[in-house]
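Visitor: Give me a model of this one.
(4 chains)
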Protein chains: 2
Amino acid sequence: MSRAPAPAGRTRARRGEGELLHTQILDAAEQLLIETGSEEAVSIRRIADAVGVTPPSIYLHFADKDELLFAVCEREFEELDRVTEQAAVGVDDPVDELFKRGKAYVRFGLEHPEQYRILFLRGGSHAAAASDESRIRRASAFDHMVDAVGRCVTAGALPDGTDPTTVALELWAVVHGLTSLLISKPMFSWPDADALTDHLLMATCAGLQAVPPFTSPKRRAARR
Amino acid sequence: MSRAPAPAGRTRARRGEGELLHTQILDAAEQLLIETGSEEAVSIRRIADAVGVTPPSIYLHFADKDELLFAVCEREFEELDRVTEQAAVGVDDPVDELFKRGKAYVRFGLEHPEQYRILFLRGGSHAAAASDESRIRRASAFDHMVDAVGRCVTAGALPDGTDPTTVALELWAVVHGLTSLLISKPMFSWPDADALTDHLLMATCAGLQAVPPFTSPKRRAARR
DNA sequence: GGCGCAGGATAACGGCGTTAACTTATCGGG
DNA sequence: CCCGATAAGTTAACGCCGTTATCCTGCGCC
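Guide: This is a model prediction of the structure:
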């Protein structure tokens, strides 16, 4: 695993093309992350070597390592949105659409475990600031899920008074729980992931139809 | 935040009492993890300083840092079992018991976020080998959950033919999904965590009662 | 043709996990 | 009573890491 001594072919970018290195860095980091399958194996120095540049040059384009890794995964997860959208095309039954989206989500997470870990299983430092609501929403996969839940409500498949955002959060929690457990406990003797996702989503949807919608406890016990 | 220059009071253990340092290391690591709330801030050197010993001495008692951190959290999560067991005492309705256990799980995770992250949100290297099924089961909180689901089945609250282990996995995924999202996306504008847990667990349980039990897809489509 | 500045490179700092080799105190046995 | 074996550490060092301050260099415009 000796660090490759750089492609050596790189020549310095021309005047306006500093942005070029930016995407080259992202590409190299992404490939390293996929090849090694481990975040800690992706070091600034390794990325720099892969691009054919010295480590400090990275900092001309990214504030720090966290931002770089997050940018890699943000790019990767634009594909998550594409995949889940793709899974929903041509599906008429809005509840079935929830299934399809959920299954596509789990499948995608299992196919990109290390990126999934970085995006969703961290918290520290500025990563927390970088993963705030605005960025999650800009990824838009979540918003699309909210819309799909909304269609279930208007179709009468979910009770009146249901808040689509809350239900989307709940469904997100379900598929995220499955995905992250499957990723981080691979030694566990799991049933078939796809069938399990199916069953749990079916149960959850059936349950959400049967129980009264979520209400915030704001005044359920007025002021303690 | 200058590293404390060691309590300086420590004197070398006597002949048979090498194990003493073992628990002192665990104590110091646990306290550092709680104080700083971040895994990366807990370094071997800091732990050694806190105990009043030099870094290599740690390796007389732990193979590497992963094993140390995991040991810390394993200890912490024996308390998870205690807490969830406590939440279940005196609860007659077996389905209500599932609720109580789930809520206690989420609450515990939110109160010990960094330990939760280490135990459940990693995967790399030997950590994967260290978190295999046998160790999860020895933590026994999961086994207790399986038993609780079993009681629901025998009480008729869950359909005949239900596999308690599968349902326990599903419920685990639900509470784990909520917990880990709440931990790693704190900036998101969440509804009240307790009420959300309540609602999602209620829906999931209602759904599990309503839909047919999980069946493995072994021959659902014989050989592709 | 020279000069400003974008696009890098060099060198270094402090911290990290880990290892090899050495030291020291304790304790059972002669 | 002392002595050597050995448990319980220490010292010194290696190679990696992220990051910063500083310096260089050649493209493109006047």
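
Visitor: Would you mind measuring from the nearest residue to residue A:34 once chain neighbours are set aside to residue B:172?
Guide: Once flanking residues are discounted, residue A:34 sits nearest to residue A:114: 7.5 Å by CB to CB, 6 or more residues apart in numbering or on different chains. The C-beta positions use only the backbone N, C-alpha and C, and glycine is treated the same way. Here residue A:114 is placed at a distance of 23 Å from residue B:172 (CB to CB, to the nearest Å).

Visitor: Residue A:43 too?
Guide: Going from residue A:43 to residue B:172 by CB to CB gives 34 Å.

Visitor: More neighbours: those two, which one.
Guide: Set residue A:43 next to residue B:172 and count neighbours by other CB atoms under 10 Å in any protein chain shown: residue B:172 wins out with 22 against 15.

Visitor: Kindly provide the distance from the more buried one to residue B:165.
Guide: Counting by CB to CB - residue B:172 and residue B:165 are separated by 10 Å.

Visitor: Residue A:61 too?
Guide: Distance, residue A:61 to residue B:165, by CB to CB: 49 Å.

Visitor: what's the answer for residue A:68, then?
Guide: Taken as CB to CB, the span from residue A:68 to residue B:165 is 41 Å.

Visitor: In terms of packing, which of these two has more residues around it?
Guide: With neighbours defined as other CB under 10 Å, residue A:68 and residue B:165 compare such that residue A:68 has more, 20 against 17.

Visitor: residue ranges with poor pLDDT in chain A?
Guide: A:1-9, A:123-139, A:219-224 (pLDDT under 70).

Visitor: Just list the residues touching the residue nearest to residue A:165 when sequence neighbours are not counted, thanks.
Guide: With CB to CB, 6+ apart as the criterion, residue A:165 has its nearest non-adjacent residue at 5.4 Å, and that residue is residue A:146. Applying CB atoms under 8 Å, 6 or more residues apart in numbering or on different chains to residue A:146 gives the contacts A:164, A:165, A:168.

Visitor: Helix, strand or coil: sort out the second one for me.
Guide: For residue A:165, the reduced secondary structure class is helix; criterion used: DSSP: H, G, I helix; E, B strand; the rest coil.

Visitor: From chain B, how far out is residue A:80?
Guide: Noted for residue A:80: a distance of 15 Å to chain B, by CB to the nearest CB, to the nearest Å.

Visitor: residues near that residue, how many?
Guide: For residue A:80, the neighbour count with other CB under 10 Å is 21.

Visitor: thought residue A:38 was touching residue A:114?
Guide: Yes - with contact defined as CB atoms under 8 Å, residue A:38 reaches residue A:114; the gap is 6.4 Å.

Visitor: wait, does the helix of greatest length in chain A contact DNA strand D?
Guide: Longest helix in chain A, counting residues (DSSP state H): helix A:65-88. Yes - Helix A:65-88 comes into contact with DNA strand D (CB under 7 Å from any atom of the strand), by way of A:65, A:66.

Visitor: same check, this time on stretch A:106-125
Guide: No - on the criterion CB under 7 Å from any atom of the strand, stretch A:106-125 is out of touch with DNA strand D, staying 8.6 Å away.

Visitor: List the buried residues for that stretch?
Guide: By neighbour count on 16 or more other CB atoms under 10 Å in any protein chain shown, the buried set for stretch A:106-125 is A:106-110, A:112-123.

Visitor: Please identify the residues of chain A in proximity to DNA strand C?
Guide: Within chain A, the positions lying close to DNA strand C (CB under 7 Å from any atom of the strand) are A:12-18, A:20-21, A:52-57, A:60.

Visitor: repeat that with 10 Å
Guide: A:6, A:10-22, A:24-25, A:44-45, A:48, A:51-61 (CB under 10 Å from any atom of the strand).

Visitor: How much space separates residue A:17 from DNA strand D?
Guide: Per CB to the nearest atom of the strand, to the nearest Å, residue A:17 is found 8 Å from DNA strand D.

Visitor: Ok, residue A:162 next?
Guide: To DNA strand D, residue A:162 is 43 Å away according to CB to the nearest atom of the strand.

Visitor: Assign that residue to helix, strand or coil.
Guide: Quick answer, by three-state DSSP: residue A:162 is coil.

Visitor: For it, which non-adjacent residue is closest in space?
Guide: residue A:213 (4.4 Å).

Visitor: helix/strand/coil for that neighbour?
Guide: Residue A:213 ends up coil, using three-state DSSP.

Visitor: Then residue A:26?
Guide: Look at residue A:26: counting by three-state DSSP, its state is helix.

Visitor: Kindly report the same for residue A:174.
Guide: Looking at residue A:174 with three-state DSSP, the answer is helix.
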